[in-house]
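Engineer: sequence and predicted model, in that order:
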Amino acid sequence: MDEYFGVSIYSWKIIWGFIMTYYAMHRLSTFIDKQQAQIDQLKEKIYYLEHPEKKPY
């Protein structure tokens, strides 16, 4: 079996899988945070459209 730096290819694949999974989760969580922020902004806009007297400005 081939080895790189004394570690088998199978182990490298597992390590790579962990790295890619972590990266994907990180990307997904930042994407969800951005979407949630946009949703909150839209909810606020809709609320103030329905209740113009409560506008802070």
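Structural biologist: All right, it came through fine. Residues are numbered from 1 along each chain as shown.
Engineer: quick check, pLDDT for the spatially most central residue of the chain.
Structural biologist: A centroid search over the chain (Cα atoms, centre = their mean) returns S29, at 1.8 Å, as the residue closest to the centre. Looking at S29, its pLDDT stands at 94.
Engineer: and if you look at Y57?
Structural biologist: So Y57 comes in at 60 (pLDDT).
Engineer: what's in contact with the lowest-mean-pLDDT helix or strand in the chain?
Structural biologist: The weakest-scoring helix or strand in the chain, judged by mean pLDDT, DSSP states H and E, is strand 3-4 (a mean of 78). The contact list for strand 3-4, computed with Cβ atoms under 8 Å, 6 or more residues apart in numbering, reads I9, W12. C-beta coordinates here come from the backbone N, C-alpha and C atoms, glycine included.
Engineer: that strand pairs with which strands, parallel or anti?
Structural biologist: Using DSSP bridges, the strands paired with strand 3-4 are strand 7-8 (antiparallel).
Engineer: give me the element the residue nearest to the centre of the chain is part of.
Structural biologist: For S29, the enclosing helix or strand under DSSP states H and E is helix 9-50.
Engineer: got a list of what the residue nearest to the centre of the chain touches?
Structural biologist: Shown in contact with S29 (Cβ under 8 Å, 6+ apart): no residues.
Engineer: any idea how far it lies from Y22?
Structural biologist: S29 sits 11 Å away from Y22, going by Cβ to Cβ, to the nearest Å.
Engineer: what of I46?
Structural biologist: As for I46, its distance to Y22 is 36 Å (criterion: Cβ to Cβ).
Engineer: go on, F5?
Structural biologist: Noted for F5: a distance of 21 Å to Y22, by Cβ to Cβ.
Engineer: these two: which is more packed in?
Structural biologist: Shown here are F5 and Y22; by other Cβ atoms under 10 Å, Y22 has more neighbours (10 against 5).
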